[in-house]
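Chemist: Requesting a structural model of the entry that follows:
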Amino acid sequence: MTDYRFIDSHVNLHAPQFAEDQAEVIDRARVAGVDLMVNICDRVSNFDTVYKVAADNEDIWATVGTHPHEARENPALSVRTLLDLAERPKVVGIGECGLDFHYDFSPRDIQAQVFKVHIAAARESGLPLVVHTREADDVMGQILVEAHAEGPFKLLLHCYTSGAELAKICAEMGAWFSVSGIATFKQAQDVRDIIRDMPADKIIIETDCPYLAPIPMRGRRNEPAFVTHIYDKLGEIRGWSLDEVRARTHDAFFSLFDRIPR
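Modeler: Below you'll find the model as predicted:
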């Protein structure tokens, strides 16, 4: 078993914000002690670009899926397409997928339709479903409850900022939750309150870089190297030492992303 120092469960290293210095960003992460990262797919049409980052770096893995913002791009996305791409050896999750009713960049019915395809692929493949949900608690809860009744699947609520009721529904389904730099924001006490109540064995940590840089890096482009600040904040919120944060969140990470050898 490898003793990981830090893990960033959700990075977007293929994003255009890293086009000029992606290799340097990865090097800085390693210097900061980030020993493992998961590069998250934003849309199936971009999968080859996402996957190349993982294929070129031993310590980086990948997912396959389409973000709700991009659901309009491929409304006829099939379960088979996702399953075929998920057979690539470094694919460890399905998503990022879900619902975003804040921006509504894709029609809500198309978001839901494409999301359900991802759920079916997660159930069939056994890979965890990486879920994005924003201002869609009622519909998200309904879809997940109905889908879970048809057969269980592994579920991660990434960068969780939704309400306590949805968190409770998902926790009852055995969901994992990931904590991001939002936990450090001064105006995010409601997020910290929910983090305090999350199941202790189902919490993992992410940066969601290049977005959501934690305090004291707020306002800058986020990088995986900044994940250490989120470890510290989670420890503060839960009353855990850094060693305990590592032990708990890394156990939870490998329980969720069980295709990654520990």
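Chemist: buried residues in the strand or helix carrying residue 48?
Modeler: Using DSSP states H and E, residue 48 sits within helix 47-55. For helix 47-55, burial by neighbour count (16 or more other Cβ atoms under 10 Å) applies to 47, 50, 51, 53, 54. Every residue, glycine included, has its C-beta placed from N, CA and C.
Chemist: Same question for stretch 115-123.
Modeler: Result for stretch 115-123 [16+ other Cβ under 10 Å]: buried residues 115, 117, 118, 119, 120, 121, 122, 123.
Chemist: Over to stretch 240-252?
Modeler: Neighbour-count burial for stretch 240-252 [16+ other Cβ under 10 Å]: 240, 245, 246, 248, 249, 250, 252.
Chemist: Could you list the residues in contact with that stretch?
Modeler: The contact list for stretch 240-252 (Cβ atoms under 8 Å, 6 or more residues apart in numbering) reads 4-7, 176, 200-205, 231-232, 234-235, 238.
Chemist: repeat that for 10 Å
Modeler: Contact with stretch 240-252 is made by 1-7, 9, 35-36, 156, 176-179, 199-205, 228, 230-238, 262, as judged by Cβ atoms under 10 Å, 6 or more residues apart in numbering.
Chemist: Got a quick PyMOL command for the buried subset of these?
Modeler: This is how PyMOL selects the buried members of the contacts of stretch 240-252, with burial counted by 16+ other Cβ under 10 Å:
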select buried, resi 4+6+7+9+35+36+156+176+177+178+179+202+203+204+205+228+230+231+233+234+235+237+238
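Chemist: Of the contacts of stretch 240-252, which belong to strands?
Modeler: Secondary structure from DSSP state E places 6-7, 9, 35-36, 156, 176-179, 203-205 of those in strands.
Chemist: of all the residues you listed, which comes closest to residue 70?
Modeler: Residue 70 lies nearest to residue 156 out of the ones in strands among the contacts of stretch 240-252, by Cβ to Cβ, at 18.8 Å.
Chemist: That closest one touches residue 130, doesn't it?
Modeler: Yes - the pair residue 156 and residue 130 passes the contact test of Cβ atoms under 10 Å, sitting 5.1 Å apart.
Chemist: Pull up the overlap in contacts between these two.
Modeler: 9, 10, 93, 94, 95, 96, 122, 176, 178, 206, 256, 257.
Chemist: Turn these into JSON lines, columns for pLDDT and distance to residue 66.
Modeler: JSON lines is the format used below for those (pLDDT from 0 to 100; distance: Cβ to Cβ, whole Å):
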{"residue": "9", "pLDDT": "98", "distance to residue 66": "19"}
{"residue": "10", "pLDDT": "98", "distance to residue 66": "16"}
{"residue": "93", "pLDDT": "98", "distance to residue 66": "13"}
{"residue": "94", "pLDDT": "98", "distance to residue 66": "10"}
{"residue": "95", "pLDDT": "98", "distance to residue 66": "8"}
{"residue": "96", "pLDDT": "98", "distance to residue 66": "8"}
{"residue": "122", "pLDDT": "98", "distance to residue 66": "13"}
{"residue": "176", "pLDDT": "98", "distance to residue 66": "21"}
{"residue": "178", "pLDDT": "98", "distance to residue 66": "19"}
{"residue": "206", "pLDDT": "98", "distance to residue 66": "19"}
{"residue": "256", "pLDDT": "98", "distance to residue 66": "20"}
{"residue": "257", "pLDDT": "98", "distance to residue 66": "19"}
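Chemist: can I get those in TSV with distance to residue 77?
Modeler: Listed next are these as TSV, based on distance: Cβ to Cβ, whole Å:
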residue	distance to residue 77
9	24
10	21
93	16
94	11
95	12
96	14
122	13
176	24
178	24
206	24
256	23
257	22
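Chemist: what's near enough to touch the nearest residue to residue 55 once chain neighbours are set aside?
Modeler: Leaving aside its chain neighbours, residue 55 sits nearest to residue 90 (6.3 Å; criterion: Cβ to Cβ, 6 or more residues apart in numbering). Each residue near residue 90 by Cβ under 10 Å, 6+ apart is listed here: 38-39, 51, 53-55, 57-58, 60-63, 259-260.
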